[in-house]
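A.B. asks: Whatever this is, show me its structure:
(2 chains)
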2 protein chains.
Amino acid sequence: MKKRLGPQSRCYPMPIPLVLSGVGDEATMFAVAWTTVCGSDPPAIAMVVGRRHHTVALIRETRAFTVNFAPASLAREVDYCGLTSGRDHEKVARTGLTLAPSSVVTPPIIVECPYNLECRFVEEIELATGSLMMVGEIVEAHADEEVLTDDGKSADPGKLDPLVYITGTREYFRLGEHVADAYSAGRELMEERE
Amino acid sequence: MKKRLGPQSRCYPMPIPLVLSGVGDEATMFAVAWTTVCGSDPPAIAMVVGRRHHTVALIRETRAFTVNFAPASLAREVDYCGLTSGRDHEKVARTGLTLAPSSVVTPPIIVECPYNLECRFVEEIELATGSLMMVGEIVEAHADEEVLTDDGKSADPGKLDPLVYITGTREYFRLGEHVADAYSAGRELMEERE
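C.D. replies: Next up is the predicted model:
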């Protein structure tokens, strides 16, 4: 039996990367659940952000940012970065996270996050529904060698152990088991037809 | 040790809802991984879609769509909806999924998906990076009573068992264990400061 809940902002599941901008001692980051890939040619990423975030100002200034996917073990640090402002907190020092130079853009990547995207800030969009969206072109990706698949081209999800965000109940989860292969499991239903 | 992988369209993890539009026998759905919440006042959702999808044409026609979050047990059906076009396949019949009337919009919801959003189509945006984004205002949400939290207001993620999509290795996963509470776990780091 379905129950009507009224309008709710929910999406299951959500990512919760640490988005970082700024250079040197100014570098700071925030946690952005409202994030999605938005292109593959060129690779691109979109995120919906609060206008007042300090990191948003730094993205406009440096015209770049990095997107750092934290492992489940860093839930406390990610949550802290979502609760606080880079104007009032020295988040990098407080979390003890380590920054390393990016290869293409000026803002650094976070070493303890096993998968990182370097992004060139492309545009910001005022959505008709009232929010601000920022779009970046992904110009480089990095992964820890320990989390790579055997072919060295992708992150192995089990090794990556990405932190997962759940809206509504406001919880962090980790990934569970592999269920099926995409672009494959559904072929069975196509064949039944023929 | 970090390894440079070149530009990649990755985000960990991603949702993979079935987005449905059309009315009556015309109703059809596709699987949209590039989806995110994009507002809370009003609740809104954004998705990046291929221009040629049949469902995209139906969204423009009906000015509405529903977003249906499938349980992990429906990986095969979701994958099929991502592999095929509603122009050539009667996806509803083939998957055996059941449609039920929405409360506010004309396109129906999918009964076997335990969480559903009804959306009014608000705008489409041509991103500077080349993709098409469609934005909807969430005007109603439904959940199966069996997946609700005790207070009846949200879906319990463990009961919901949402299908999770992993980019790169192209796999479906399910959620694993609860790691921490959001807006809570990070307070420890705030207090250490004071």
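A.B. asks: buried ones in the lowest-mean-pLDDT helix or strand in chain A?
C.D. replies: Lowest on mean pLDDT, DSSP states H and E among the helices and strands of chain A sits helix A:187-193, with a mean of 78. By neighbour count on 16 or more other CB atoms under 10 Å in any protein chain shown, the buried set for helix A:187-193 is A:Leu189. Every residue, glycine included, has its C-beta placed from N, CA and C.
A.B. asks: who's in contact with it?
C.D. replies: The contact list for helix A:187-193 (CB atoms under 8 Å, 6 or more residues apart in numbering or on different chains) reads B:76-77, B:79-80, B:83-84, B:89, B:94-95.
A.B. asks: Tell me the one of those residues nearest B:Leu20?
C.D. replies: B:Leu20 has its nearest neighbour among the contacts of helix A:187-193 in B:Thr95, at 11.4 Å by CB to CB.
A.B. asks: Touching, the closest one and B:Glu77? I think so.
C.D. replies: Yes. Counting by CB atoms under 8 Å, B:Glu77 is a contact partner of B:Thr95 at 4.3 Å.
A.B. asks: These two - which one has more neighbours?
C.D. replies: For the pair B:Thr95 and B:Glu77, the greater number of neighbours falls to B:Glu77 (25 against 22), based on other CB atoms under 10 Å in any protein chain shown.
A.B. asks: Surely the more buried one and B:Leu83 touch.
C.D. replies: No. With contacts counted by CB under 8 Å, B:Glu77 stays clear of B:Leu83, the gap being 10.9 Å.
A.B. asks: and for these two, which residues touch both?
C.D. replies: Shared contacts of B:Glu77 and B:Leu83, counting by CB under 8 Å, 6+ apart, come down to A:Gly186.
A.B. asks: how would you label A:Ala143: helix, strand or coil?
C.D. replies: strand (DSSP: H, G, I helix; E, B strand; the rest coil).
A.B. asks: what pLDDT does it get?
C.D. replies: On the pLDDT scale, A:Ala143 is placed at 98.
A.B. asks: Ok, the one 10 residues further on next?
C.D. replies: We note a pLDDT of 92 for A:Lys153 in this prediction.
A.B. asks: distance between the least confident helix or strand of chain A and the chain's centre?
C.D. replies: Centroid separation for helix A:187-193 versus its chain: 35 Å, with CA atoms, centre = their mean, to the nearest Å.
A.B. asks: Alpha carbons only: can I get it in CSV?
C.D. replies: The C-alpha trace of helix A:187-193 is given here as CSV (Å, rounded to 0.1, in the frame of the first residue of the first chain):
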residue,chain,number,x,y,z
ARG,A,187,19.6,-8.3,-22.2
GLU,A,188,17.7,-11.4,-20.9
LEU,A,189,14.5,-9.4,-21.2
MET,A,190,15.4,-8.2,-24.7
GLU,A,191,16.0,-11.8,-25.8
GLU,A,192,12.8,-13.1,-24.4
ARG,A,193,11.1,-10.8,-26.8
